[in-house]
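**Q** Build me a structure from this.
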Amino acid sequence: MADQISNFCRQPVVISNDWVTDECPEHGTIVRREVEQFDGTYLHMPCVKCRWEGINREPQNSEKHKAAVASKMAERINAFLIGSGITPRFRDCTLDNYRTDDEPEKARALAECRAYVEHFENNYHKGRSMILSGNIGTGKTHLGSAMVQVVIRQLGARALIASIAEIVRVAKGTMAKGASYTESDVINELANVDLLIIDEVGVQRGSEYELGILHEVLDRRYQLVIPTVVISNLPVDELKAYMGDRALDRLRQGGGKAVGFTWGSERAKA
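**A** Numbering: from 1, shown residues only. Modelled structure (predicted):
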């Protein structure tokens, strides 16, 4: 997928203009680059030639080399975050600011999600998935977005959260005349992220096409032994009836946990 434009992962906006320049002490006049950041701001980027030389020509224990490597890694992490599918509403959501109000069920849900990403390398190698299911407004998308951030920030891995509606919309786009991608491209892209979180599964009880796409994505990731987290407003028994025994069993295989969100909506309280 390296040479193909992503259907899900947006790239950071880069503002540059040949007429707007900076002066680099080493390389003279350079084009000024402002790169969109995950928090909504724009960052003035340093000279790319200096960074390249710092990485490739400076001694590895030198300050210039360390600074250049850190700059490149920060840019990579920022790109992964912007391409993660986390919307502006949820970009400030973390595991640390999820409110449990000292309620045991909420604390247990938070602990399960925290444990999953703290041991993500092991979960990844075992292809261990997870289910977050239950009432609306209980913070499932908050926790899903927070888990994506942890996996990206701490491990430098690729993670994506996307609703089933968005996945179906993109897949149906292959049917348009002159479409530049195929349904196989969609499935392949979703199979190539280290962690995929599929949100709002079963929200409309699903068409046959929706279920077919969902099963194909889950099956491909299962065959590749890559973990998937499913978020649904349905309780587990209804989710099982919706998805089918085979799909749910694969999500539970190898110790995959189902976490129930049985309390009332926090949005309704607000």
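
**Q** CA only for contacts and neighbour counts going forward, please
**A** Will do.

**Q** Helix or strand next in line after the longest helix anywhere in the chain, which one?
**A** Ordering each helix of the chain by length in residues (DSSP state H) puts helix 63-82 first. Note on helix 63-82: by DSSP states H and E, the next helix or strand toward the C-terminus is helix 104-118.

**Q** For whichever helix or strand comes after that next one, buried residues please.
**A** Next along the chain after helix 104-118, taking DSSP H and E as the criterion, comes helix 120-126. Going by neighbour count (16 or more other CA atoms under 10 Å), the buried part of helix 120-126 is 120, 123-124, 126.

**Q** would you list every one of the helices in this structure?
**A** 48-56, 63-82, 104-118, 120-126, 140-155, 164-172, 183-191, 208-223, 236-243, 245-252, 266-269.

**Q** then stretch 243-256 to PDB, C-alphas only?
**A** The C-alpha trace of stretch 243-256 is given here as PDB (Å, rounded to 0.1, in the frame of the first residue of the first chain):
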ATOM      1  CA  MET A 243     -22.300 -11.000  13.700                       C
ATOM      2  CA  GLY A 244     -22.700 -14.700  14.000                       C
ATOM      3  CA  ASP A 245     -20.900 -17.300  16.200                       C
ATOM      4  CA  ARG A 246     -17.900 -17.700  13.900                       C
ATOM      5  CA  ALA A 247     -16.900 -14.000  13.800                       C
ATOM      6  CA  LEU A 248     -17.400 -13.500  17.600                       C
ATOM      7  CA  ASP A 249     -15.500 -16.700  18.400                       C
ATOM      8  CA  ARG A 250     -12.600 -15.500  16.400                       C
ATOM      9  CA  LEU A 251     -12.500 -12.200  18.300                       C
ATOM     10  CA  ARG A 252     -12.600 -14.200  21.600                       C
ATOM     11  CA  GLN A 253     -10.000 -16.700  20.500                       C
ATOM     12  CA  GLY A 254      -6.600 -16.700  22.300                       C
ATOM     13  CA  GLY A 255      -7.900 -14.900  25.300                       C
ATOM     14  CA  GLY A 256      -9.700 -12.000  23.600                       C
END
